[in-house]
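Q: Structure for this input, please:
(one chain, ligands or ions: 1)
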Amino acid sequence: MRVGALVRSDDQSALEVLSLAQELGGGAAETYLILPAPQAQHPAAGKARAVVLEGLADADPAQLFAAAEALFGGAAPDVVLLPDGPLFEAVGARLAGSLGRPAVRDAGSVALDGSRVRVVKGAFGGKAALGLETEGGAVIGVRQGAHPAQDLPQTSLEMVQMAPPAPLLSGRKAVRDSSGDDLGRAKVIVSGGRGLGSAEAYAALRDVAQLLGASLGASRAAVDEGWASPSQQVGITGQKVAPEVYVAIGISGASQHLSGMSGAKFVVAVNRDDKAPIFEAADVGVVADWHALWPELRRALAGG
Ligand SMILES: Cc1cc2nc3c(=O)[nH]c(=O)nc-3n(C[C@H](O)[C@H](O)[C@H](O)COP(=O)(O)OP(=O)(O)OC[C@H]3O[C@@H](n4cnc5c(N)ncnc54)[C@H](O)[C@@H]3O)c2cc1C
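A: Presented below is the predicted three-dimensional model:
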């Protein structure tokens, strides 16, 4: 079976997906890296066929899909891997539909056995694992952190310059969120929940984040309160994050929040309720009223 991968240079898991593709394809996978502009310095450049898409930043999903189809030249590999995330949302399902193959998201592992594709994927917000088997190919969104990025051999960088097709939608306006935190790439995240009690207390959390060199996340309750922007929401309907350290303050630990932070390597939770479910997911739990803890913590972090 032919195996291919399509990643973007701004996907944190680009190298992971390329590595999985090469492993499945026995080193002969057809791999494509989309670069918004010529940036040969990207770690994945030279590990995949690079395609420079002009104006990619403003490309809509339909344009990205048309570009992906053009890349595969009407003969897409049987198994196409993409990072699970915005690129899969834009391209994955459409590609699967046009190829008449199943689309599978949140894949934790992928194995090939002849013409069979076996995928183990997350289900019920990551609480369960579901094994799927299909015949003849699939379009698969690979979960970030599911496969290690390997040291792929450097190949000469082949750049294909490509302008995205004309937009299919008219009257569309791109709206950018300017909250500034890229949670997907963050190594440390400090997230605040309803337990903070006010917009001011949430805003003060930015000081903690700054002192820790962290990005600022939020529970949905904090977003619903209007304290945080939707792009900061961590969870099943927010961002899936995989930082080295995740600090949850005043967050109860609802399953919908936990599923977004399940990739975190080390979790610190602060909650005044010692029975809060967040403590079950925490490596370090602090039972405390945040408002009492914060002045002490600020002094300690600031070095006096
Ligand atoms: C379909 C669906 C999708 C959802 N998607 C998401 C999602 O993506 N992300 C998400 O986060 N939620 C999501 N939710 C909502 C989720 O179920 C919870 O309602 C939400 O996560 C609760 O947010 P919270 O923990 O901040 O608030 P609460 O549940 O109100 O918890 C507040 C916590 O703060 C503690 N606390 C209170 N005061 C203090 C204090 N002074 N000091 C320390 N601790 C204090 C309390 O003990 C409590 O544990 C979803 C729900 C549904 C139905």
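
Q: Around the ligand, pick out the residues from this structure.
A: Within the chain, the positions near the ligand by C-beta under 6 Å from any ligand atom are 193-195, 219-222, 233-238, 250-252, 254, 256-257, 260, 270-273, 276, 289-291. Backbone N, C-alpha and C define where each C-beta goes, glycine included.

Q: Only the buried residues of the longest helix along the chain, if you could.
A: Identified as the longest helix of the chain according to DSSP state H is helix 199-212. Using 16 or more other C-beta atoms under 10 Å as the test for burial, helix 199-212 gives 201-202, 204-205, 208-209.

Q: Show me the residues of the chain next to the ligand that map onto helices.
A: Reading helices off these with DSSP H, I get 220-222, 256-257, 260, 290-291.

Q: want to throw those into CSV with pLDDT, neighbour count and distance to Ala111?
A: As requested, those are arranged in CSV below (pLDDT from 0 to 100; neighbours: other C-beta atoms under 10 Å; distance: C-beta to C-beta, whole Å):
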residue, pLDDT, neighbour count, distance to Ala111
Arg220, 95, 22, 35
Ala221, 96, 20, 39
Ala222, 96, 27, 40
Gln256, 92, 15, 30
His257, 96, 29, 31
Gly260, 92, 26, 27
Trp290, 95, 22, 45
His291, 94, 15, 51
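
Q: Just give me the closest of those to Ala123.
A: Gln256 (14.1 Å; C-beta to C-beta).

Q: Contact partners for the closest one?
A: 125, 220, 235-237 (C-beta atoms under 8 Å, 6 or more residues apart in numbering).

Q: Which of these ranks first by neighbour count?
A: Counting neighbours by other C-beta atoms under 10 Å, Gly235 leads those with 24 neighbours.

Q: need the helices for the stretch 51-200 of the chain, in chain order.
A: Under the criterion DSSP state H, counting those that start in this stretch, helices of the stretch 51-200 of the chain are mapped to 61-72, 86-87, 93-99, 199-212.

Q: Make CSV out of those helices and add mean pLDDT.
A: Putting the helices of the stretch 51-200 of the chain into CSV (pLDDT from 0 to 100) gives the following:
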stretch, mean pLDDT
helix 61-72, 79
helix 86-87, 81
helix 93-99, 90
helix 199-212, 90
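
Q: in the sheet, who's paired with Leu35?
A: Leu35 has these beta-bridge partners by DSSP bridges: Val52.

Q: That one contacts Ser9, correct?
A: Yes. Here Leu35 lies in contact with Ser9, judged by C-beta atoms under 8 Å, at a distance of 4.8 Å.
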